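Peer 1: got a predicted model here, sequence first, then my questions.
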Amino acid sequence: MAYSVKQSHRAPAVTTSVPVDETLPRACIIGAGSSGIAAAKQLYLAGVPFDCFEAGSAIGGNWVYQNPNGRSACYETLEINTSCPRMAFSDFPMPADYPDYARHDQVHAYFEDYVDHFGFRHTITFDTEVQDVSRTDDGRWRVRVSGPEGVREETYDAVLVANGHHWDARWPEPAYPGHFDGEQMHAHDYRNGDQLEGRDVVVVGAGNSAMDITVEASHRARTTTWSVRRPEWVLKKFFLGQASDQVALPGWLPWWVTGVRLAIGARAAGDLTKYGVPKPAHAPGRSHPVQSQQIRERLEAGAVTARPGIERLDGDRVVFVDGSSAPADLIVWATGYRVSFPFLDHSLVDPRNNDFPLWKRTVHPDLPGLYFLGLVQPIGAVMPIAESQGAWIAEMLTGDYVRPAPRLVRRQMLEDHARNKRQFYASPRHTMQVDFDAYLWDLARERKRGRKRAGTGK
């Protein structure tokens, strides 16, 4: 069932170039994925002078299949896990003929249309990689880039980091004991079912990508084994005939209300114990939600065999902690990603074990002028969050927003970070977790306060 947002609801296209105000701070945006273009649009319409550097030749980041920048984890069957209306930017709905959950190529086309609609494609420099970002003696930021014209350096007042957090593959640490005679790959390098054809495949992990790859393997591989060390509550994408995330809760409601909503969805979908998957040790809502319409069907059909965590590797077999084993000539490790900023020295930023607190998941309190976009793991979509973050940063750069006292910034940052971590079980994937509706409500409230402090009246 396609949703019914009309194209006429979109903001009028920007048909003339927006003048740049050279008196404003000059900014650099790293990346032209969904977060980078959200920020670029906001700075462009605010008249902020900026450059946006993209390592590849395409807009869209992780949503570009075979992205030339080499960092996309996009695979052939990938589709969004948040419905189109909840994922879309606020002033640019997805086309009305898109399905409830768009395919990766549709999402990529949407991002391309977004850039052209608002007219800022000329601000993006493609095939140019940011190699280093460092502080200058006067507190500005020196950025070294490498592109078709060679290596060059520019100095900026602000740097907006939007390089994504689903590209630096996390492998099991420490590695499992034993030896393996077959092929091993991380889910980041999986592209399509041809890589699984006729193989004895073991997929390791319980996230969305792990289930997608397992389902595809069940159609293409000789045997498919799904190894789940820490089971999750697997939600369905549809509930009572509509996309299951269509209930938007007021952001001011306490977290337990969101937890109840997730619990209802989890209980309605049912656990996977009858298929051999252990019952999750945590309550519904205590982990990042995962969704699959097909994993139950393939387990029910016997096309997928569920097993617990791995004990060891044994030549052409994988041995599990319950003593069972499975044949394997391909292991796909869907074991997540590290937060990584290769252009920032660890003396400045060290996101060890993905534990990287930021004020409102955007501002580093000790590094003025350094901002982060999309560095969240939301119960919902990143795009509207990055859009709000970009608008907030634009207000800071134009002077329409003023921060509270540094001690309050730091206190709020630590309190929010501790609260978010308490709401979910301890895991690297949960260090950046936020509740979509609550986050947007809270940030809108802070932006309003900051505009009042600035005396802009906006």
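Peer 2: Everything's here; your move. Numbering: from 1, shown residues only.
Peer 1: low-confidence stretches in the stretch 301-450 of the chain?
Peer 2: 425 (pLDDT under 70).
Peer 1: show me where it has its helices.
Peer 2: Remark: helices assigned in the stretch 301-450 of the chain by DSSP state H, counting those that start in this stretch are 382-398, 406-422, 436-454.
Peer 1: who are the packing partners of the last one?
Peer 2: By that I understand helix 436-454. helix 255-269, strand 377-379, helix 382-398 (3 or more C-beta pairs under 8 Å, 6 or more residues apart in numbering; DSSP states H and E). Where you see a C-beta, it was placed from the backbone N, CA and C, and this is true even at glycine.
Peer 1: pick the most deeply packed of the ones you listed.
Peer 2: helix 382-398 (a mean of 24; mean count of other C-beta atoms under 10 Å).
Peer 1: and that one, what does it pack onto?
Peer 2: Helix 382-398 packs on helix 34-46, helix 84-87, strand 158-161, helix 436-454, going by 3+ C-beta pairs under 8 Å, 6+ apart.
Peer 1: ok, back up a step: tell me which of the helices and strands packed on helix 436-454 sits nearest to Ala96.
Peer 2: Ala96 lies closest to helix 382-398 among those, at 18.0 Å (C-beta to C-beta).
Peer 1: just the CA coordinates for that closest one, please, in CSV.
Peer 2: This file holds the C-alpha atoms of helix 382-398, laid out as CSV (Å, rounded to 0.1, in the frame of the first residue of the first chain):
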residue,chain,number,x,y,z
VAL,A,382,18.5,9.3,10.5
MET,A,383,17.4,11.7,7.7
PRO,A,384,14.9,14.0,9.6
ILE,A,385,17.4,14.0,12.5
ALA,A,386,20.3,15.1,10.3
GLU,A,387,18.0,17.8,8.8
SER,A,388,17.2,19.2,12.2
GLN,A,389,20.9,19.1,13.2
GLY,A,390,21.8,20.9,9.9
ALA,A,391,19.3,23.6,10.6
TRP,A,392,20.6,24.0,14.1
ILE,A,393,24.2,24.3,12.9
ALA,A,394,23.1,26.9,10.3
GLU,A,395,21.5,29.0,13.1
MET,A,396,24.7,28.8,15.1
LEU,A,397,26.8,30.0,12.1
THR,A,398,24.5,32.9,11.3
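Peer 1: any idea what Ser146 is bridged to?
Peer 2: As for beta bridges, Ser146 partners with Glu129, Val151 under DSSP bridges.
Peer 1: how many neighbours does it have?
Peer 2: Ser146 sits with 16 neighbouring residues when counted by other C-beta atoms under 10 Å.
Peer 1: switch the helices and strands packed on helix 436-454 over to JSON lines; also include distance to His364.
Peer 2: Below are the helices and strands packed on helix 436-454 laid out as JSON lines (distance: least, C-beta to C-beta, whole Å):
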{"stretch": "helix 255-269", "distance to His364": "25"}
{"stretch": "strand 377-379", "distance to His364": "18"}
{"stretch": "helix 382-398", "distance to His364": "12"}
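Peer 1: quick one: which of those is nearest Val143?
Peer 2: helix 382-398 (16.0 Å).
Peer 1: pLDDT score for Leu253?
Peer 2: We have a pLDDT of 69 for Leu253.
Peer 1: revised request: answer the last question for Thr225.
Peer 2: At Thr225, the pLDDT value in this model is 98.
Peer 1: hang on, isn't it packed against Leu330?
Peer 2: No - using C-beta atoms under 8 Å, Thr225 is not in contact with Leu330, being 10.5 Å away.
Peer 1: any common contacting residues for the two?
Peer 2: Asp200, Val201, Val202 (C-beta atoms under 8 Å, 6 or more residues apart in numbering).
Peer 1: how about the helices of the stretch 301-450 of the chain, which one is nearest Leu196?
Peer 2: The nearest among these, by C-beta to C-beta, is helix 382-398 at 28.2 Å.
Peer 1: give the buried residues for stretch 224-233.
Peer 2: Thr224, Thr225, Trp226, Ser227, Val228, Arg229, Pro231, Glu232, Trp233 (16 or more other C-beta atoms under 10 Å).
Peer 1: and the fourth one, bridged to which residues?
Peer 2: Ser227 has these beta-bridge partners by DSSP bridges: Val204, Arg307.
Peer 1: I'd guessed it sits against Pro308; true?
Peer 2: Yes - using C-beta under 8 Å, Ser227 makes contact with Pro308 at a distance of 7.1 Å.
Peer 1: quick one, what contacts Gly390?
Peer 2: With C-beta under 8 Å, 6+ apart, Gly390 has these contacts: Ser35, Ala38, Ala39, Ala40, Lys41, Gln42, Leu43, Leu160, Leu373.
Peer 1: any idea of the pLDDT on the third one?
Peer 2: Think Ala39. So Ala39 comes in at 98 (pLDDT).
Peer 1: what about it, neighbour count?
Peer 2: Neighbour tally, Ala39, other C-beta under 10 Å: 31.
Peer 1: excluding sequence neighbours, find me the nearest residue to it.
Peer 2: Gly390 (3.7 Å; C-beta to C-beta, 6 or more residues apart in numbering).
Peer 1: how close does the one you found get to Leu443?
Peer 2: Noted for Gly390: a distance of 11 Å to Leu443, by C-beta to C-beta, to the nearest Å.
Peer 1: what do you get for Phe320?
Peer 2: Distance of Phe320 to Leu443, computed by C-beta to C-beta: 44 Å.
Peer 1: sorry, back to before: if you compare the helices and strands packed on helix 382-398, which one is most tucked away?
Peer 2: Of the helices and strands packed on helix 382-398, helix 34-46 is the most buried (mean count of other C-beta under 10 Å), at a mean of 26.
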